[in-house]
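Q: Got a predicted structure plus its sequence, pasted below:
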Number of protein chains: 2
Amino acid sequence: MKRPLKLLVIGGVAAGTKAASKARRDDPSMEITIITEEQYISYAGCGLAYYIGGVVENRDKLFARSPETFREKHRIAVLIGHRAERINTYDRTVRVTRLADDQTIVMPYDRLLITTGASPVIPRVEGINANGVFTLHTIPDADNILHYIAERRVKSAFIIGGGYIGVETAENLLRRGISCTLCEIEGQLLPKFFDPDMGKLISEHATSQGVEILTGTTVERIERSPEGFVTAVSAGGRAVECELVICAAGVRPNVHLAKEARIVIGPTGAIRVDRRMETSMKNVYAAGDCAESVNLVSGKPCWYPLGSTANKQGRVAGANIAGGRKTFEGIVGTAIVKVFDLTAGRTGLTEQEALAAGFNAVTATVTSPGRVNYYPGGGDVTLKLVADGATGRALGAQAVGSDSVDKVIDTMAAALTGKLTVFALTNIDLAYSPPFSTPLGAVITAAGVIEEKL
Amino acid sequence: MKRPLKLLVIGGVAAGTKAASKARRDDPSMEITIITEEQYISYAGCGLAYYIGGVVENRDKLFARSPETFREKHRIAVLIGHRAERINTYDRTVRVTRLADDQTIVMPYDRLLITTGASPVIPRVEGINANGVFTLHTIPDADNILHYIAERRVKSAFIIGGGYIGVETAENLLRRGISCTLCEIEGQLLPKFFDPDMGKLISEHATSQGVEILTGTTVERIERSPEGFVTAVSAGGRAVECELVICAAGVRPNVHLAKEARIVIGPTGAIRVDRRMETSMKNVYAAGDCAESVNLVSGKPCWYPLGSTANKQGRVAGANIAGGRKTFEGIVGTAIVKVFDLTAGRTGLTEQEALAAGFNAVTATVTSPGRVNYYPGGGDVTLKLVADGATGRALGAQAVGSDSVDKVIDTMAAALTGKLTVFALTNIDLAYSPPFSTPLGAVITAAGVIEEKL
């Protein structure tokens, strides 16, 4: 009889727990242990801003499954408060510190999965350690912010970073009656996701909702009271008074352990994996926010840390760890964010990204109603479609509007996965009935405009 | 100098007006005339049921463009109340009757476009000519029904046919406080669109909303009062009292003119066209509900009369008539219908259609929430995915639910157009954020279930 394989998973949020569950389903004999230095596992990192805003009313709902569920239902051991210190790929062990008593444990593995995630980038500015400066990345982060808001009766906040966490946090703080200044070092909101013309639509809407937006602005200093509490942020040469600072200046992959173990890090700074989610080291897998991916439109390595991708990569990693043959081919760069009453979504390459990747990018921007004008309700969507001028192949889509943005983006994500051209898109057979769309809709209309340009 | 070409368009609803406009844009010199025996052109045939229900409050909004707009803005002549009687492809003329005075006109053409649409099938049952029996296909149909309802104070209606017109009409009559019996000869509602298991979900919901549904039931006779007004419908051996009967027993393509002109009719009974929308007769084009199409999933000729397809075919026909080189490759069989608080959509092949087409159909049916459980609002969607067991290629999707049905169907329509497999769909990069979806969602989940079966 074969000895059951030992799977050790470092990290317990999305990819780690998904992979462990999948491995358990596919190989009932495997001995599976998840270790995490956090106190919580399997929580909804994507919901934290909405928890801050009170949209998520019940904190318990942020937890998909408890350590007990893993133990009892899935026979997966979960060690919270355990920090992996060092991976030894020669001995196949991981040195772990139990944070409660600083005890060192050496844990053997046959298969190792690194799902160490990403961590917020902390800007190096004076005063960043003041009381009242937070990141919003974990459950304790959210708890601490809510506690601070209540205790200090916070009325105004300054958010460093206009990415999607910054934008979601602004919306949710405003929902609590806290005025917000949103400061982005680049010239537009969501600079990693949208072209400037589309970013402008987003900024205008956020401004109309009461957010003060500073773009192209660097934070110089965080001012403190004698007691050490935030009083203002100096940015772009002026001081903005505030009682709370949220650092949402992006994240970077946690690759320290992998790097020390001489596992190859890709050009994006995340862990390189093959299509089976195996790293350069045999029997060591990586998935989720610490792992690299391939952009299927450009064919280039990319790194987009998102919960949805983490789940899919985790499933593939888990299946392969259990002896399966699944592949994760890559992503197309899809993202979506609610911005007050608008939705902003993107997939594929922006015009700027397409040009940078060497395509002869041709674009069309159209604004279409989400449904026929005689059917009540509905709103508009503005779609910017990007295609390759040489072949007509669709390269990307950005949509901003109050209606059907998610539908347009998912449709285009599937179209990009299938490498459709604008010629195919002008005739694509999308669902039409008066309550749901217009006879043609934004995708077909925009594709038709590009077609005429080719 | 070349003589300007004469384009004659027979039919003026969706395909005809779209083609005429496109031809005008692409060839400013062309002489374009639309003839129609109807009194109205360019109207929203798809909105008529919602007009009956009062959802469309303003009748004027059902008209996209008036004959005057065509004349003045587009220099397109529109002859309403003119019936095309015979096409002479040798002389390149069409014999036309002006209905106002029964005068015969012979109109020459260089290019002819047949957009004669489809007409409702009238069941051959006793009493079908009673007062109070209507079809719902044109603006006058809708006007007549509304007038009859008001004048006779209609309280109950019987609808012959459980296709999408029947279902939409039932919802809209109920909205006016008129009780409805919906009678379908096949064993389920929407039998041309859904497998029986999905049709059942639709029937159950319609029943819960107060529609009496008779499936597998044939109408035997329509009973009349001595004054000739409908009093009841005998169906399945019992008499159902009612004051109004709506015939929604399907439509058939209007191909009489084409057939007489020896233009080839395809196996579906609609006019055969090539990818340029040209018929078997040179310089004679056809588009819209009278024209055949190709199902890109099965590769077989098909006929799905829908306003969205008519618009796209009209655009391609118009461009080619003006000397262009556009193609319409085909459709994937997408349709969507609102059924009270549910939406039901489909694309590709149903399980039954896939089996009939010779595929080894493998299916998965999953019910997913439209968004994460901690974010308020949203509903469920039940998705049935069909794939080819031999290759894993996705063949079709049917979705019924209160949330994101249109999104799921459009995503799958694009996936089918790109010939994606379930292996690709398990990892497809769809838009995720808590207000819009779950991290995986119905498409990925269902694809994963099928993947495990292959």
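A: Structure received. Numbering: from 1, shown residues only, chains lettered A, B, ... in the order given.
Q: quick one, what contacts the nearest residue to A:Ala364 once chain neighbours are set aside?
A: Once flanking residues are discounted, A:Ala364 sits nearest to A:Val449: 3.6 Å by Cβ to Cβ, 6 or more residues apart in numbering or on different chains. Any C-beta I mention is one placed from the backbone N, CA and C, and that applies to glycine too. Contact partners of A:Val449, counting by Cβ atoms under 8 Å, 6 or more residues apart in numbering or on different chains, are A:364, A:366, A:385.
Q: Ok, A:Leu189 next?
A: A:162, A:167, A:182, A:199, A:202-203, A:206, A:213, A:215.
Q: quick check, nearest of the contacts of A:Val449 to chain B?
A: Ranked by distance to chain B (Cβ to the nearest Cβ), the contacts of A:Val449 are led by A:Leu385 at 13.3 Å.
Q: so what does the helix or strand harbouring the closest one touch, helix or strand wise?
A: Using DSSP states H and E, A:Leu385 sits in strand A:380-388. Under the contact definition 3 or more Cβ pairs under 8 Å, 6 or more residues apart in numbering or on different chains; DSSP states H and E, strand A:380-388 sits against helix A:196-208, helix A:351-356, strand A:361-369, strand A:394-401, helix A:405-417, helix A:422-426, helix A:441-453.
Q: Could you give me the buried positions within stretch A:222-236?
A: Of all the residues in stretch A:222-236, those buried under the rule 16 or more other Cβ atoms under 10 Å in any protein chain shown are A:222-224, A:229-235.
Q: Now do the residue nearest to the spatial centre of chain A against B:Leu5, distance only.
A: In chain A, the C-alpha nearest the mean C-alpha coordinate belongs to A:Leu306, at 3.0 Å (Cα atoms, centre = their mean). Using Cβ to Cβ, to the nearest Å, we find A:Leu306 at a distance of 54 Å from B:Leu5.
Q: State the distance from the residue in the stretch 1-150 of chain A that chain B sits nearest to to A:Thr17.
A: In the stretch 1-150 of chain A, the residue that lies nearest chain B is A:Lys61 (3.8 Å; Cβ to the nearest Cβ). A:Lys61 sits 16 Å away from A:Thr17, going by Cβ to Cβ.
Q: Among the two, which residue is more densely surrounded?
A: A:Thr17 (30 against 15; other Cβ atoms under 10 Å in any protein chain shown).
Q: Hmm, that one is touching A:Arg65, no?
A: Yes: A:Thr17 is within contact range of A:Arg65, at 6.9 Å (criterion: Cβ atoms under 8 Å).
Q: Common neighbours of these two, please.
A: Counting by Cβ under 8 Å, 6+ apart, the shared contacts of A:Thr17 and A:Arg65 are A:41-42.
Q: Can you check the pLDDT for the residue nearest to the centre of chain A?
A: Note for A:Leu306: predicted pLDDT of 95.
Q: Distance of it relative to A:Arg221?
A: With Cβ to Cβ as the criterion, A:Leu306 and A:Arg221 are 33 Å apart.
Q: do the same with A:Pro439
A: Going from A:Pro439 to A:Arg221 by Cβ to Cβ gives 56 Å.
Q: the more surrounded of those two?
A: More crowded of A:Pro439 and A:Arg221, by other Cβ under 10 Å: A:Pro439, with 22 against 14.
Q: so is the nearest residue to A:Glu184 once chain neighbours are set aside in a helix, a strand, or just coil?
A: On the basis of Cβ to Cβ, 6+ apart, the spatially nearest residue to A:Glu184 that is not a chain neighbour turns out to be A:Gly162, at 3.1 Å. Under DSSP: H, G, I helix; E, B strand; the rest coil, the three-state class of A:Gly162 is coil.
Q: And for A:Gly162, the neighbour number?
A: Quick note: A:Gly162 (other Cβ under 10 Å) scores 30 neighbours.
Q: so what's it up against?
A: A:182-184, A:186, A:188-191, A:213, A:215.
Q: One more: A:Leu306?
A: A:289, A:335, B:432.
Q: Mind putting those residues into JSON lines with pLDDT and distance to A:Thr445?
A: Listed next are these as JSON lines, based on pLDDT from 0 to 100; distance: Cβ to Cβ, whole Å:
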{"residue": "A:Asp289", "pLDDT": "97", "distance to A:Thr445": "36"}
{"residue": "A:Ala335", "pLDDT": "97", "distance to A:Thr445": "23"}
{"residue": "B:Tyr432", "pLDDT": "97", "distance to A:Thr445": "26"}
